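1. Just a sequence and a predicted model for now, questions to come.
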Amino acid sequence: MKILRIINSLQVGGAERSIVTNVPIHKNRIEMDILLLNGADSIFLDKLKNKNVRIFSLGKKNNIYNPFLIFKLRKYFYKYDIIHAHLFPTLYWVAFAKIISFTNTPIIFTEHSTDNKRRHRLIFKPIDKFVYHQYQKIISISDATTFTLSKYLNIPDKIITIPNGVDFTEFNQTYTLNKMDLFSIPNEKIVLLQIAGFRKEKDQDTVIKAMTLLPNQFHAVFAGNGERLNFCKQLAEELHVSDRISFIGIRDDIPQIINASDVVIMSSHHEGFGRAVIESMYLGKPIIASNVPGLADLVKGTGLLFETGDFETLAELINSIFNDSEKYKIMSEKSKIKALEYDVKFMIDGYEKLYKEIFDNLNKKRLSSTKRNNKHKLLRITTISGSLAGLLKGQLRFLNQYYDVVGVASDNGSLQEVSEREGIRVINVPMERDINLWKDLISLLRMIRLIRHEKPNIVHTNTPKGSLLGMLASWWCRVPIRIYTVTGLRFETASGNFKRLLIMMEKITCACATKVIPEGDGVKNTLIKNKITKKPLKKILNGNINGIDAAYFDPTLYPEEDKRLLRKDLNIGEKDFVFIYVGRLVKDKGINELVAAFGRLK
C-alpha cells in the first residue's frame with residue numbers, strides 16, 4: 001500500500017506540524033511519501049529530510065493558488081494507492097486533478113479547522129459541496145470540526161473523526177528553565193506564551209491588550225511568523241507594552257520554550273485542534289484559551305476559558321492563577337492527565353485503519369473485475385457504427401474468441417446489428433465526422449469516461465475522427481497498448497489552412513498511439529512523405545484493413561440469367577459497357593473527377 005500525503009508547503013503551522021510528527025511513524029509501518037505544492041526550504045522540511053522521508057515538490061517558487069498545478073498533480077494518481085490531502089487550496093487542486101486523471105485512486109482529506117473564509121461567502125458553498133463530494137472520506141481532527149463541517153455541507157456519511165495526536169517522546173527530556181537563555185529576559189519574570197502564526201484568526205491582539213492590565217512581572221512571548229507580525233509589533237508600541245513582549249519568530253525548540261514558560265494562552269477566533277495546547281498540557285502548563293469550538297473541548301475542566309476578544313477577562317484570569325498557587329498546581333496536574341488522551345498512537349492507528357479499509361475495498365473491486373472475465377479487454381473504435389459493420393465484418397467475432405471485444409462508435413442505425421452478428425458488446429459514443437470543436441470536446445470527454453470505466457488493455461481505432469478521439473482518450477487514460485490503423489488520409493484532397501489542420505490532427509493521432517499500422521503502401525508512403533510520424537510503419541501482409549472474403553465474390557454464385565435480369569431492372573442494354581463505382585459520394589473519394597470524366601464519354 002502506497003500513500004501520498006499532499007499539502008501546500010511545510011512552512012510552520014498546525015497541519016504541517018502534524019505531518020512532521022506522524023509521517024515518520026507511518027513510514028515505519030507503511031510506504032508513505034509527501035508532495036508539496038511549494039517546496040520552499042523550512043525547518044519542518046529539514047526535519048523530515050533528516051528522518052529519511054521521501055519528499056517531492058511541484059517547485060520551490062510556486063504560487064499555491066495557481067490552478068495549473070492541477071495538471072502537475074495528475075500524474076501522481078497513477079503511482080499511489082491512496083492520496084491524502086491537507087489544507088486549502090490543496091483541497092481543490094487534488095479533487096480536480098482526480099477528475100482529469102480518470103483514475104479510481106481514492107482521495108481523502110483532513111479537515112483541520114472549524115471555520116474558514118469560504119464558509120462566509122455564498123458563492124463558495126456549491127463549489128465546496130462539489131469538491132468535498134469527490135473525496136471518499138473526510139477526516140475531521142476534532143468533534144467540533146466534525147460538527148461545523150457537517151452543519152455547513154450536510155455530508156455526515158463522508159466524515160470520520162480521528163482526533164489529532166501529539167508525539168510526546170520529544171517532550172520527555174530535561175530542558176533548561178533559563179528564561180534569559182531562551183527569551184533574553186530575567187528568570188523571575190512570569191512568561192505568558194502563545195504559539196501561533198500571525199494571522200487574524202489567531203488574535204494575538206487580545207493578549208497584547210491584556211498586557212496593559214497586568215503588572216510588570218508578566219512578560220508575553222509570541223512564537224511564530226506571518227502577515228500580521230508587524231501589525232502586532234506596532235500595536236505593542238502604541239499600547240506602550242513593547243518592552244514586556246518578545247516576538248521570537250519560528251523556532252524548532254518548542255518543547256524547551258513551553259517548559260520555560262509559566263502559562264500558555266490561545267486566543268484564537270476559531271481552531272480545529274490546538275496542538276500547542278496539548279503539548280503544553282503534557283508539560284504541565286496551565287492553559288487559558290478563548291471559548292471557541294476546537295479549544296473549549298480541550299481546555300474545559302482543566303484550564304480557563306474567556307470569550308474571544310475579551311482582553312479584560314483574560315487579564316483577570318491570568319492574575320487569578322498567580323494569586324492562588326494551589327489553583328496553579330491543580331490546573332497543572334489536570335492538564336498532564338488530559339493530554340495523555342491525545343497520544344499520537346491513537347491518531348496513527350485511526351489513520352492506518354482507514355487506509356486499510358479503503359485499500360481492501362479497492363482490491364475487492366479489482367479482484368471482482370478480474371474474475372468476471374480473464375481475457376484482455378480490446379476496444380475497437382470507429383467514428384460511425386456503419387464502419388464497424390462494414391470494415392470489420394467477421395473480424396470482431398474472430399477476435400472475440402481471444403479477447404473481450406467491445407465495439408465503440410456513434411450509432412447511425414447499425415450498432416445493434418453489429419452486436420448481434422459479431423457476438424460482442426457495443427457502446428454508443430456520439431461523434432461528428434466533420435470538425436466541430438464543441439461537439440468534439442464533448443465526444444472526447446465521453447470517450448475518456450468510457451475508457452476510464454471499461455479499463456481496456458488495448459484500444460484499436462480506425463477512421464479519422466474516431467481514431468483521433470480514441471487515441472487521445474486512451475493516451476490520457478494510460479491504456480498500455482494503443483493501435484491506430486490508418487485507412488485513409490483526408491488531407492490529401494484538402495488545401496491551405498484546412499490541410500495543415502488535418503495534417504496536425506494526424507500527427508496528434510499517431511503521437512498518441514503506441515503502434516501505427518498503414519492499410520497499404522500508398523498510405524505508408526504518404527505518412528512518410530509528409531513526416532506524420534517517426535514510428536515504424538509496416539502493413540499487415542498485403543495490406544487492407546480486413547482482407548477480402550473471396551468466396552463471397554465467386555462469379556459462379558451468380559448465374560447469367562440473374563445478370564440479365566439485373567441489367568433489365570437498371571435499364572442497361574445487353575451490349576452496353578458498364579462502369580461501377582463503390583464508395584461514399586464525397587469529394588475525398590474523387591467523385592467530382594469521375595462525374596467530369598463520364599461527361600466526356602459518348
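-> All right, it came through fine. Numbers count the residues shown, from 1 in each chain.

2. what separates H460 from T212, distance-wise?
-> 78 Å (C-beta to C-beta, to the nearest Å). For every residue, glycine as well, the C-beta is placed using N, CA and C.

3. Of the two, which one has the most company?
-> H460 (25 against 14; other C-beta atoms under 10 Å).

4. Got phi/psi on that one?
-> H460 adopts backbone torsions of phi -120, psi 120, taken as degrees, to the nearest 10.

5. quick one: pLDDT of it?
-> H460 carries a pLDDT value of 96.

6. Please name the nearest non-neighbouring residue to it.
-> I483 (4.2 Å; C-beta to C-beta, 6 or more residues apart in numbering).

7. Bridged to the one you found, which residues?
-> H460, K515 (DSSP bridges).

8. what about L527, neighbour count?
-> Around L527 there are 20 residues (other C-beta under 10 Å).

9. Determine whether the claim that it is in a helix is correct.
-> Yes - membership of L527 in a helix is supported by DSSP: H, G, I helix; E, B strand; the rest coil.

10. Hmm, it is touching V486, no?
-> Yes - L527 lies in contact with V486 (C-beta atoms under 8 Å); the separation is 6.6 Å.

11. Identify the contacts common to the two.
-> Common neighbours of L527 and V486, using C-beta atoms under 8 Å, 6 or more residues apart in numbering, are E506, V516, P518.

12. which of those tops the neighbour count?
-> Going by other C-beta under 10 Å, V516 tops those with 26 neighbours.

13. picking up where we left off before, what's the burial count for the residue nearest to H460?
-> Other residues close to I483 by other C-beta under 10 Å number 20.

14. likewise S419?
-> Neighbour number of S419 under other C-beta under 10 Å is 18.

15. ok, T302 - contacts?
-> M281, I287, M331, K334, S335, I337, K338.

16. if we go to 7 Å?
-> By C-beta atoms under 7 Å, 6 or more residues apart in numbering, T302 lies in contact with M281, I287, M331, K334, S335, K338.

17. what's the closest non-adjacent residue to the last one?
-> Just to be clear, that refers to K338. T302 is the one closest to K338 (C-beta to C-beta, 6+ apart), at 4.8 Å.

18. next one: the fifth one
-> Excluding the flanking residues, the one nearest S335 by C-beta to C-beta, 6+ apart is M281, at 3.7 Å.

19. and the stretch of helix or strand the one you found belongs to, how far out from the chain's middle?
-> Per DSSP states H and E, M281 falls inside helix 275-282. Helix 275-282 sits 33 Å away from the centroid of its parent chain (C-alpha atoms, centre = their mean, to the nearest Å).

20. helices and strands around it, which ones?
-> The contact analysis (3 or more C-beta pairs under 7 Å, 6 or more residues apart in numbering; DSSP states H and E) places helix 275-282 against helix 14-27, helix 254-260, strand 263-266, strand 287-290, helix 296-299, helix 325-339.

21. just checking, what packs against the second one?
-> Contact partners of helix 254-260 among helices and strands, from 3+ C-beta pairs under 7 Å, 6+ apart: helix 179-183, strand 190-195, helix 275-282.

22. Pipe those into a markdown table and attach mean neighbour count, mean pLDDT and distance to H269 per row.
-> Shown next, in a markdown table, are the helices and strands packed on helix 254-260 (neighbours: other C-beta atoms under 10 Å; pLDDT from 0 to 100; distance: least, C-beta to C-beta, whole Å):
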| stretch | mean neighbour count | mean pLDDT | distance to H269 |
| --- | --- | --- | --- |
| helix 179-183 | 17 | 87 | 26 |
| strand 190-195 | 23 | 95 | 14 |
| helix 275-282 | 26 | 89 | 15 |
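
23. Nearest to K364, out of the ones you listed?
-> helix 275-282 (36.1 Å; C-beta to C-beta).

24. quick check: angle from that closest one to helix 325-339?
-> 120 degrees (axes from the mean of the first three to the mean of the last three C-alpha atoms, to 10 degrees).

25. Let me know the angle separating helix 275-282 from helix 14-27.
-> Per the same axes, to 10 degrees, the angle that helix 275-282 makes with helix 14-27 is 70 degrees.

26. and F130, how far is that from W93?
-> To W93, F130 is 14 Å away according to C-beta to C-beta.

27. Give me the more crowded residue out of the two.
-> In this view F130 and W93 are compared by other C-beta under 10 Å, and W93 has more residues nearby, 26 against 13.

28. now the strands: where do they sit in the stretch 101-250 of the chain?
-> Under the criterion DSSP state E, counting those that start in this stretch, the stretch 101-250 of the chain contains strands at 107-111, 137-140, 159-161, 190-195, 218-223, 245-249.

29. would a markdown table of the ones you listed with distance to F183 be doable?
-> Shown next, in a markdown table, are the strands of the stretch 101-250 of the chain (distance: least, C-beta to C-beta, whole Å):
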| stretch | distance to F183 |
| --- | --- |
| strand 107-111 | 33 |
| strand 137-140 | 36 |
| strand 159-161 | 37 |
| strand 190-195 | 7 |
| strand 218-223 | 6 |
| strand 245-249 | 5 |
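
30. Between these, which one is closest to H84.
-> strand 107-111 (5.2 Å).

31. got the angle between that closest one and helix 14-27?
-> Strand 107-111 runs at 130 degrees relative to helix 14-27, counting by the same axes, to 10 degrees.

32. Out of the shared contacts of L527 and V486, flag the one nearest to T206.
-> E506 (67.6 Å).

33. so which of the strands of the stretch 101-250 of the chain gets nearest L601?
-> That would be strand 107-111 among those, by C-beta to C-beta, at 69.4 Å.

34. Within its sheet, name the partner strands of the closest one and how each one runs.
-> Take DSSP bridges as the rule and strand 107-111 pairs in its sheet with strand 82-86 (parallel), strand 137-140 (parallel).

35. what's the shortest one in contact with?
-> The one in question is strand 137-140. 108-111, 132, 146, 149, 158-162, 354.

36. what do you get if the cut-off is 8 Å, keeping everything else the same?
-> Contacts of strand 137-140 (C-beta under 8 Å, 6+ apart): 108-111, 132, 146, 149, 155, 158-162, 351, 354, 358.

37. starting at the chain centroid, how far to the helix or strand where E420 lies?
-> Per DSSP H and E, E420 falls inside helix 415-422. Here helix 415-422 is found 39 Å from its chain centre; the criterion is C-alpha atoms, centre = their mean.

38. That helix - contacts with which helices or strands?
-> The helices and strands touching helix 415-422, judged by 3 or more C-beta pairs under 8 Å, 6 or more residues apart in numbering; DSSP states H and E, are helix 385-391, helix 395-399, strand 404-410, strand 425-428.

39. could you dump these to a markdown table with distance to F231 and mean neighbour count?
-> Putting these into a markdown table (distance: least, C-beta to C-beta, whole Å; neighbours: other C-beta atoms under 10 Å) gives the following:
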| stretch | distance to F231 | mean neighbour count |
| --- | --- | --- |
| helix 385-391 | 68 | 21 |
| helix 395-399 | 71 | 17 |
| strand 404-410 | 61 | 24 |
| strand 425-428 | 61 | 18 |
